[in-house]
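how does the following fold in three dimensions:
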Amino acid sequence: MDGRLTSYQVKIRRKGFPSQTVSFDDLEEAKRFVRQVLSDHDRGHKVDRLVSHRKTVADVIDAAITAIENGTRKIKGAKEELYRLKAIKRNYPVLMSTPLSDATEDIFEDWIEDRLETVKPNTVLRDFTMLKPLFAKAVRTYDLRRSPLEYIKPPREIDERPRRLLEKEEELLFAELHAADDPIVPLAAQFALDSGCRRSEQLRVQWRDYDAEAGTIWLADAKNGRGRYLILSQLAQDIVEALPGRQDGGAIFKCTGSKLKKAFEYARAAKRAKALGRPDLGSVRTLRWHDFRHEAVSRCFDAGWTSELVMDFSGHVDIKSLLRYRKPKVDETVARLRTLERMGQEGFDAEEGEAFSISTKSIPARQVHRAEHLAWVLDAALLDVHPKAIA
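A predicted model of the protein is given here:
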């Protein structure tokens, strides 16, 4: 050794088998390769052990893109995943050109650090979760020793939102949404708030799965992979009944996810609020569409529902994920605690099993207010969506 050695070159020539020539930076890796090839030869197998040196990270990404585009890989959110895969391939050419044999944990950890400079940790986590099964498959396809993502711990952050609709915020929100370009937007929003339905699920529900007598909609393809029934409140069912297109079939809400998302963009909201002469409508700019689901679940708990009933309503399959959606109002929790303390001081007799009900707000009164609110939403929006619906 003269200090100038930078790699170990392996040449294997054997009659009846293709010659193999490859260089390694690590001596143990070179020895492992020799043992693998000679073992293959002894068994009469002509295995291509150099495929990982010829294929790159881009080949793994390209294979996933092709599988989604030609329909051989069927996943939920295929359109979004396709977009993200193409963005990664386009924005990280150095990573993409790396041979799979050189794609180590260090390279992907550097990529993660680079990503974190421009996006939030949970965005990187979603990318990592998307890529991990692709490289697990590449281990078998391209004869990798193991996946470079196998032992990497992706970044995480706690992003639970304590957001609740404030007292007059709901009225302001629907006044603003009514000014949206498409009159179906406020109806879709009211349905989401009453049913606790995810946006992706709401846009997939079909007229053929609607049971008017039972007050349910069968959702065969829910987020968790299990079918479930959407439990409709009377208000939610009124919206469904008022929507046009039942005889034609197909989707109940003939609207795109992009249109619903754009209804919440602050720039558009502020512009419409100004046009209405109501700058106070901008107070709802921190809301997201998914907050409707959080609010619906929280209102079930506010009304005194058990966790089991709420799970039936929301479609959650475990209590831990359900409780992430519960956002109790602190003032109501404090009021309930004070009520319990007063009852304890007054000598509440637990042995006799006396029942009590604690409520700091009239739930029926809220329902009356929301029913009145829905009436003008339906009247205003359906005049544009389906003029005959009100006649």
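
for residue 231, give its distance to residue 251.
According to C-beta to C-beta, to the nearest Å, residue 231 stands 20 Å off from residue 251. Placement of C-beta: from N, CA and C, glycine included.

so for the two, which sits in the more crowded spot?
Between residue 231 and residue 251, counting by other C-beta atoms under 10 Å, residue 231 is the more crowded of the two (18 against 14).

can you tell me the closest non-neighbouring residue to the more buried one?
Nearest in space to residue 231, with sequence neighbours left out and distances taken as C-beta to C-beta, 6 or more residues apart in numbering, is residue 313 at 5.1 Å.

then residue 246?
residue 207 (5.4 Å).

please, which helix or strand holds the residue nearest to residue 231?
helix 307-314 (DSSP states H and E).

could I get the buried residue list for that helix?
Of all the residues in helix 307-314, those buried under the rule 16 or more other C-beta atoms under 10 Å are 310, 311, 313, 314.

may I ask which helix or strand encompasses residue 296?
If you go by DSSP H and E, residue 296 is part of helix 291-302.

over to residue 9?
Residue 9 belongs to strand 8-12, assigned by DSSP H and E.

what sits up against the helix or strand following that strand?
Scanning forward in sequence from strand 8-12 by DSSP H and E, the next helix or strand is strand 20-24. Residues from elsewhere that reach strand 20-24 (C-beta atoms under 8 Å, 6 or more residues apart in numbering): 7-13, 30, 33, 37, 49-50, 53.

for strand 20-24, which strands pair with it and how are they oriented?
Next to strand 20-24 in the sheet, as set by DSSP bridges, lie strand 8-12 (antiparallel).

for the strand it pairs with, list the C-alpha coordinates in CSV.
Taking Å, rounded to 0.1, in the frame of the first residue of the first chain, the C-alpha atoms of strand 8-12 are listed here in CSV:
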residue,chain,number,x,y,z
TYR,A,8,-10.8,-2.2,-4.9
GLN,A,9,-11.4,-3.6,-8.4
VAL,A,10,-12.9,-7.0,-8.8
LYS,A,11,-12.7,-9.1,-12.1
ILE,A,12,-14.5,-12.4,-12.3
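
so what touches it?
Under C-beta under 8 Å, 6+ apart, the answer for strand 8-12 is 19-27, 30, 33-34, 37-38.

then stretch 296-309?
By C-beta under 8 Å, 6+ apart, the list of residues contacting stretch 296-309 from outside reads 164, 192-196, 310, 313-314, 319, 322-323, 325-329, 332, 357, 359, 361, 363.

for the residue nearest to residue 51 when sequence neighbours are not counted, give me its contacts.
Using C-beta to C-beta, 6+ apart and skipping the chain neighbours, the partner closest in space to residue 51 is residue 142 (5.1 Å). By C-beta under 8 Å, 6+ apart, the contact set of residue 142 is 51, 52, 55, 59, 60, 100.

give me the neighbour count for the second one.
Applying other C-beta under 10 Å, we find 21 other residues in the vicinity of residue 52.

now it, what's its secondary structure?
helix (DSSP: H, G, I helix; E, B strand; the rest coil).

going forward, begin numbering at 373 instead of 1
All right, first residue 373 from here; so that's residue 424.

look up how far residue 435 lies from it.
Residue 424 is 14 Å from residue 435, by C-beta to C-beta.

before we move on, what about residue 693?
Taking C-beta to C-beta, one finds residue 693 at 32 Å from residue 435.

for residue 698, same thing?
For residue 698, the distance to residue 435 - C-beta to C-beta - is 42 Å.

so for those two, which sits in the more crowded spot?
Using other C-beta under 10 Å, the more surrounded residue of residue 698 and residue 435 is residue 435, with 17 against 14.

what about the strands in the chain?
Ranges of strands in the chain, per DSSP state E, are 380-384, 392-396, 582-583, 588-591, 600-603.

let's have these in JSON lines, adding mean pLDDT and distance to residue 573.
Shown next, in JSON lines, are those (pLDDT from 0 to 100; distance: least, C-beta to C-beta, whole Å):
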{"stretch": "strand 380-384", "mean pLDDT": "75", "distance to residue 573": "55"}
{"stretch": "strand 392-396", "mean pLDDT": "70", "distance to residue 573": "51"}
{"stretch": "strand 582-583", "mean pLDDT": "94", "distance to residue 573": "14"}
{"stretch": "strand 588-591", "mean pLDDT": "92", "distance to residue 573": "6"}
{"stretch": "strand 600-603", "mean pLDDT": "91", "distance to residue 573": "8"}
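
tell me which stretches of the stretch 473-622 of the chain form helices.
477-488, 493-513, 541-550, 556-567, 571-574, 606-614 (DSSP state H, counting those that start in this stretch).
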